[in-house]
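J.: What follows is a predicted protein model with its sequence.
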Protein chains: 2
Amino acid sequence: MAKKIPHRLYLTEDQMPKQWYNLRADMKQQHDPLLNPATLKPVKVEDLYPIFCEELAHQEMDCTTRYFDIPEEIQEFYKMYRPSPLVRAYNLEKALKTPAKIYFKYEGNNTSGSHKLNSAIAQAYYAKKQGLKGLTTETGAGQWGTALAEACAFYNLPLTVYMVKVSYEQKPFRKTVMQTYGAEIVPSPSNTTKIGQEILKENPDTGGSLGCAISEAIEKAMSNPGYRYVLGSVLNQVLLHQSIIGLESKIALEMLDEYPDIVIGCAGGGSNLGGLIAPFMQDKLTGKASPRIVAVEPASCPSLTRGKYAYDFCDTGRVTPLARMYTLGSRFIPSANHAGGLRYHGMSPILSKLYHDGYMEAIAVEQTKVFEAAVLFAKQETILPAPESAHAIRAAIDEAIRCRETGEAKTILFGLTGTGYFDMTAYNSYLSGTMTDYIPSDENLQKGFDLLPKVN
Amino acid sequence: MAKKIPHRLYLTEDQMPKQWYNLRADMKQQHDPLLNPATLKPVKVEDLYPIFCEELAHQEMDCTTRYFDIPEEIQEFYKMYRPSPLVRAYNLEKALKTPAKIYFKYEGNNTSGSHKLNSAIAQAYYAKKQGLKGLTTETGAGQWGTALAEACAFYNLPLTVYMVKVSYEQKPFRKTVMQTYGAEIVPSPSNTTKIGQEILKENPDTGGSLGCAISEAIEKAMSNPGYRYVLGSVLNQVLLHQSIIGLESKIALEMLDEYPDIVIGCAGGGSNLGGLIAPFMQDKLTGKASPRIVAVEPASCPSLTRGKYAYDFCDTGRVTPLARMYTLGSRFIPSANHAGGLRYHGMSPILSKLYHDGYMEAIAVEQTKVFEAAVLFAKQETILPAPESAHAIRAAIDEAIRCRETGEAKTILFGLTGTGYFDMTAYNSYLSGTMTDYIPSDENLQKGFDLLPKVN
């Protein structure tokens, strides 16, 4: 008799991973080193200390330690909202009349509304441990800012969040959630930093961008003794913390005697995708299995599918080290796509390298198609997904429909990163038929490439 | 060695209850019967058929069947978002320095954001089974409307929701969530019903009320063949469905060798409270145990603590049967308290009777104290609670503080009914210091009592 597969599988506390997995330890080739933008020399770990906590700087640079113990305090915090369930989407399968088995790992069951809390609590913990006075960060849609506000509240650590001005104005409720957790919220660009002042001088009416908010948050951290900057995606340390998503998924699937044929994740900076795929990519790198691994990005911000693999800044203000990654250029301003969390010009250097070396596929999808998938999913599976997560849903549905056509009973795993409760403006736009798609022209993209730093 | 108690305990699918528990079967005395307002004679089950589905009408009237099998289709739906976790609030205990053990049953992990989905899916299922064409209901804060929209979407059942106008205007995102699930949303009072037209004629600028929206929804259902009305609280059938909350809690506590000394729930119409306490009240009624059971209501709408135990209408428009319950009078307009789900003039007849007979305590709390508790809880336990739920948190915290003073290690269980993601206006009011408390004067309450129907 086939094993009975529950709708939702939660690991017990004993079964939860006690270590994070560092994908780099199994990569045959590492991504190119971060470069100091002034000297163009590879960055050393000490160079990162003024920006990042020391332990996090070490995690950022470490390519050899395969597993990092999760400090017990972080494990305890994880237990307040984890494990997240591995869900079998029985009703979606039925609606699609597909022989495919669709699983998703649901990370939305916490107040930040997404997987971001997994890294936020780790970063806050190390900051507290180092005796820092406070943290700064940026947020776009607000999920990362909320997650970090929750984590900092837990450790009584002051936090300043630079929130992209257009989000600050459009999402007052997100702002209030962060304020409830005690964070100070500054709309970016602002007059509180030099880079903000410059940007406002050039363009007083700008709605801001993630890249610009990053620049401000870094400047604020570096000009305040005892403060450090933290980031919710792109960085190697973030992918390390997020490996908890994939590790839990893999344990749960093993309990069900399952292994995914396809692993699908939405991709902005890469935090969720990198975390979800980690142990499956390990199998691929070590020759144990060969699942297809698919990154899904918005057609309006197609860093993997149409970007250049090049050295670039991580921020608009060009204060960060240079990273070699798939990028649309740090000065590329993506259109006002509703998936704010995916509107980033670059992509995690680890994921960029894996994609470049052929270990991973990437596709770009248009937002009306994404919301069509989101609504179907909401009705069948009761969960209202975040627009970001709905990119992965779109791809999973398309794979399941292909299975219906070919008759293959593939096992599909996708990451449902979060809920859309703060994205109802976007849903309203879709439901009222006013949502449009935007695909940047080659000419438009070329403008971003033209401004790439000269090192390339 | 003491049993290791996890932060979160999820039952497995096999452990989930397969029957609802009907508290009335163990009550020595039943609540007084519903009365037909025209004849003042007790309502018969057939009298309810024009308003309710037949199976639900039977559930409404049944005082003897102790357990009702949960239909398999409903069990399957439950598995999409249940079991809900039983959570040990370790960090809250630590922050309060209390020897008490605090548990909460967390019902907020679904898109409706509350426990309301437990009854919504049952009511939609029976409507579908009876071959009805559609349903109508009302919603205040929006949690019930969202839950029912989710349930109706699942069964492809048309739904019209009368949404209290002030909420319709203040909570456009709630409206969009319901629309995403395909529901039609009408601000109440509206011109789509006679009662709505009358109310608008008398008071064109009214923001509406729950009682008025109920009247409109009933009129709409009764004037459209194949339509029925459904309600998210107060009714016996709703308490029956919500018993899943208490039943799951009790199983989980038994696995931990725990039994609550105190069970606490917020009380508006009584759906959560009645569900949470059901199996513990059973123990009390049958002499097996004697936990304290505490209802917490807003000081601004104190039906149990300051209301009359009297026959009254369930709606402002006075079209429903008369129920004997604790009531402030169906024409009582509660102040604009932020816990919209608790702004109801009456209380479940079952709970009213149990309270009247001394099986239950009740307290009223002021909203600034409630939000103070909500923010403390959010910071310690990461979950941002709904204002309604925060009433129970306030009471649980106060009990835990008393334990600190007396040194007693009591076991406290409370119901965390939902999340506050759509209540950020209220949080903002609290954080900015503009929130006020409102306690109705005796004179004001007397006005409501004066308008009670003459049957009393």
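T.: It's in.
J.: domain assignment for chain A?
T.: A:8-17+A:71-113+A:242-450, A:117-229 (automatic domain parsing).
J.: Are we agreed that A:Met325 is in a strand?
T.: Yes: using DSSP: H, G, I helix; E, B strand; the rest coil, the assignment for A:Met325 is a strand.
J.: Can you give me the neighbour number for it?
T.: 30 (other Cβ atoms under 10 Å in any protein chain shown). For every residue, glycine as well, the C-beta is placed using N, CA and C.
J.: Please apply the same query to A:Lys447.
T.: So A:Lys447, with other Cβ under 10 Å, has 15 neighbours.
J.: try A:Thr64
T.: 8.
J.: quick one, phi/psi of it?
T.: Main-chain torsions, A:Thr64, degrees, to the nearest 10: phi -120, psi -30.
J.: Now do it against A:Leu23, distance only.
T.: Here A:Thr64 is placed at a distance of 12 Å from A:Leu23 (Cβ to Cβ, to the nearest Å).
J.: same check, this time on A:Leu431
T.: 39 Å.
J.: pull the CA atoms of stretch A:254-270 into PDB?
T.: Extracted in PDB, the C-alpha atoms of stretch A:254-270 (Å, rounded to 0.1, in the frame of the first residue of the first chain):
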ATOM      1  CA  GLU A 254      12.300  11.600   3.200                       C
ATOM      2  CA  MET A 255       9.700  10.800   5.800                       C
ATOM      3  CA  LEU A 256       7.300  10.400   2.900                       C
ATOM      4  CA  ASP A 257       9.700   8.400   0.700                       C
ATOM      5  CA  GLU A 258       9.600  11.300  -1.800                       C
ATOM      6  CA  TYR A 259      12.300  13.100  -3.700                       C
ATOM      7  CA  PRO A 260      11.500  16.100  -6.000                       C
ATOM      8  CA  ASP A 261      12.000  15.800  -9.800                       C
ATOM      9  CA  ILE A 262      11.800  19.600  -9.900                       C
ATOM     10  CA  VAL A 263      12.500  22.300  -7.300                       C
ATOM     11  CA  ILE A 264      11.100  25.700  -8.000                       C
ATOM     12  CA  GLY A 265      11.700  29.000  -6.200                       C
ATOM     13  CA  CYS A 266      11.000  32.600  -6.900                       C
ATOM     14  CA  ALA A 267      14.200  34.700  -7.300                       C
ATOM     15  CA  GLY A 268      14.800  38.300  -6.400                       C
ATOM     16  CA  GLY A 269      18.100  38.500  -4.500                       C
ATOM     17  CA  GLY A 270      18.000  34.700  -4.000                       C
END
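J.: Do you have the strands of the stretch 251-400 of chain A handy? List them.
T.: A:262-266, A:292-298, A:308-313, A:322-327, A:361-365 (DSSP state E, counting those that start in this stretch).
J.: Turn those strands into a markdown table, including distance to chain B and mean pLDDT.
T.: Formatted as a markdown table, these follow (distance: least, Cβ to the nearest Cβ, whole Å; pLDDT from 0 to 100):
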| stretch | distance to chain B | mean pLDDT |
| --- | --- | --- |
| strand A:262-266 | 19 | 98 |
| strand A:292-298 | 20 | 97 |
| strand A:308-313 | 34 | 96 |
| strand A:322-327 | 32 | 97 |
| strand A:361-365 | 19 | 98 |
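J.: Deepest-packed of those, please.
T.: Compared across those, strand A:262-266 shows the largest average neighbour count, a mean of 29 (mean count of other Cβ atoms under 10 Å in any protein chain shown).
J.: Show me what that strand is packed up against.
T.: Using 3 or more Cβ pairs under 8 Å, 6 or more residues apart in numbering or on different chains; DSSP states H and E, the elements in contact with strand A:262-266 are helix A:271-285, strand A:292-298, helix A:387-406, strand A:411-416.
J.: of the ones you listed, which approaches A:Thr206 most closely?
T.: Nearest to A:Thr206, of all the helices and strands packed on strand A:262-266, is strand A:292-298, at 21.1 Å by Cβ to Cβ.
J.: chain center to the closest one, what's the gap?
T.: Relative to its parent chain, strand A:292-298 has a centroid offset of 13 Å by Cα atoms, centre = their mean, to the nearest Å.
J.: What strands line up against it, and which way round?
T.: Sheet pairing for strand A:292-298, assigned by DSSP bridges, gives strand A:262-266 (parallel), strand A:361-365 (parallel).
J.: closest to B:Lys105 out of the strands of the stretch 251-400 of chain A?
T.: strand A:262-266 (32.3 Å).
J.: Select the helix or strand of chain A having the lowest average pLDDT value.
T.: helix A:165-170 (a mean of 87; mean pLDDT, DSSP states H and E).
J.: Give me the contact list for that helix.
T.: With contact meaning Cβ atoms under 8 Å, 6 or more residues apart in numbering or on different chains, helix A:165-170 is reached by A:139-142, A:174-175, A:185, A:187-189, A:206-208, A:336, A:340, A:425.
J.: Return the residues of the stretch 51-200 of chain A in contact with chain B.
T.: A:76-77, A:79-81, A:87, A:90-91, A:109-111, A:113, A:117, A:150, A:153-154, A:172-173, A:176-177, A:179-182 (Cβ under 8 Å from any Cβ of the partner chain).
J.: if we go to 6 Å?
T.: A:79-81, A:109, A:111, A:150, A:153, A:173, A:176, A:179-180 (Cβ under 6 Å from any Cβ of the partner chain).
J.: mind checking how far A:Ala252 is from chain B?
T.: 13 Å (Cβ to the nearest Cβ, to the nearest Å).
J.: mind listing what that residue touches?
T.: A:9, A:86 (Cβ atoms under 6 Å, 6 or more residues apart in numbering or on different chains).
J.: Then A:Ser290?
T.: So A:Ser290 contacts A:Lys284 (Cβ under 6 Å, 6+ apart).
J.: how distant is stretch A:122-132 from the center of its chain?
T.: 21 Å.
J.: likewise stretch A:367-385?
T.: 20 Å.
J.: do stretch A:90-100 as well
T.: 28 Å.
J.: With stretch A:395-403 instead?
T.: 23 Å.
J.: separation between the residue nearest to A:Pro33 when sequence neighbours are not counted and A:Val455?
T.: Spatially, and ignoring its direct neighbours in sequence, A:Pro33 is nearest to A:Pro42 (3.8 Å; Cβ to Cβ, 6 or more residues apart in numbering or on different chains). According to Cβ to Cβ, A:Pro42 and A:Val455 sit 12 Å apart.
J.: Kindly point out which residues are neighbours of both of those two.
T.: By Cβ under 6 Å, 6+ apart, no residue touches both A:Pro42 and A:Val455.
J.: sorry, back to before: ok, which of the helices and strands packed on strand A:262-266 comes nearest A:Ile121?
T.: Nearest to A:Ile121, of those and by Cβ to Cβ, is helix A:271-285 at 13.8 Å.
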